[in-house]
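Visitor: what's the 3D shape of this:
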Amino acid sequence: MGSCPSVKNILLLDSEGKRVAVKYYSDDWPSLSSKLAFEKSLFAKTQKTGARTEAEIVMFDGHIVVYKFIQDLHFFVTGGEEENELILASVLQGFCEAVGILLSHARNTDKRTALENLDLIFLCIDEVVDGGIVLETDHKVIAEKVSGQGLEGAGSFAEQTISQAFATAKQHFARSLLN
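Guide: Take a look at the predicted model:
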């Protein structure tokens, strides 16, 4: 009997390997210093690869890491050595594309835009993975849930104005903090 697909961490780093948004779901890295060391060495190993057009997979430090670069952002999804690479790749693809949709108002998925919309990125991570368990990989569903226009809303995220999207994201973020 198989277990649920799981993720050890989701990392979003900038072009210098510095944190933009990260979330760990495993005790494989018990301290902040071990997490930072993992991020630094993973970035050093992957920075010279051409993961701009499609995701790449690497076995690193006993973990499977799927990664992709979009402009100056580096997206990583880490799983255990026994995890299915295709599932990890679909988690990465769903996360990357949902972030692209959520940041499309700026017409640029770059570090500055990501930092200005960090609340949406963390909500996006929470919609993709909860406690290490993969919940959703469809980028459209993720973006609609983050924007607050999923099952409870009438229109899609693409039909909203920027101010409406920001207001619903703010409400969603506030609700998630209260829970």
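Visitor: SS state for residue 26?
Guide: Recorded secondary structure, residue 26: coil (DSSP: H, G, I helix; E, B strand; the rest coil).
Visitor: Low-confidence regions, the chain specifically.
Guide: Low-confidence segments of the chain, defined by pLDDT under 70: 1-2, 51, 105-107, 149-161, 163, 179.
Visitor: I figured residue 56 hits residue 74, correct?
Guide: No - using CB atoms under 8 Å, residue 56 makes no contact with residue 74, being 11.3 Å away. Yep, even glycine has a C-beta here, placed from its N, CA and C like the rest.
Visitor: Those two: who's more crowded?
Guide: Neighbours were tallied for residue 56 and for residue 74 using other CB atoms under 10 Å; the higher tally belongs to residue 74 (24 against 17).
Visitor: Within the helices and strands, which one has that one?
Guide: Element membership of residue 74, judged by DSSP states H and E, is strand 73-80.
Visitor: same question, residue 100
Guide: Using DSSP H and E, the element containing residue 100 is helix 85-102.
Visitor: Specify the local secondary structure of residue 41.
Guide: Following three-state DSSP, residue 41 is assigned to helix.
Visitor: Mutual contacts of residue 56 and residue 74, please.
Guide: 46, 67, 68 (CB atoms under 8 Å, 6 or more residues apart in numbering).
Visitor: got a list of what residue 9 touches?
Guide: With contact set as CB under 8 Å, 6+ apart, residue 9 has these partners: 22, 23, 24, 25, 26, 29, 76, 77, 78.
Visitor: for it, which residues make a bridge with it?
Guide: Per DSSP bridges, the residues bridged to residue 9 are residue 24, residue 78.
Visitor: gap between it and residue 116?
Guide: To residue 116, residue 9 is 23 Å away according to CB to CB, to the nearest Å.
Visitor: what about the helices in the chain?
Guide: Applying DSSP state H to the chain gives helices spanning 32-46, 85-102, 111-116, 118-128, 139-146, 162-178.
Visitor: So for the fifth one, what gets flagged as buried?
Guide: Right, helix 139-146. For helix 139-146, burial by neighbour count (16 or more other CB atoms under 10 Å) applies to 139, 141, 142, 143, 144, 145, 146.
Visitor: same check, this time on the longest one
Guide: Residues of helix 85-102 classed as buried under the neighbour-count rule (16+ other CB under 10 Å) are 87-99, 101-102.
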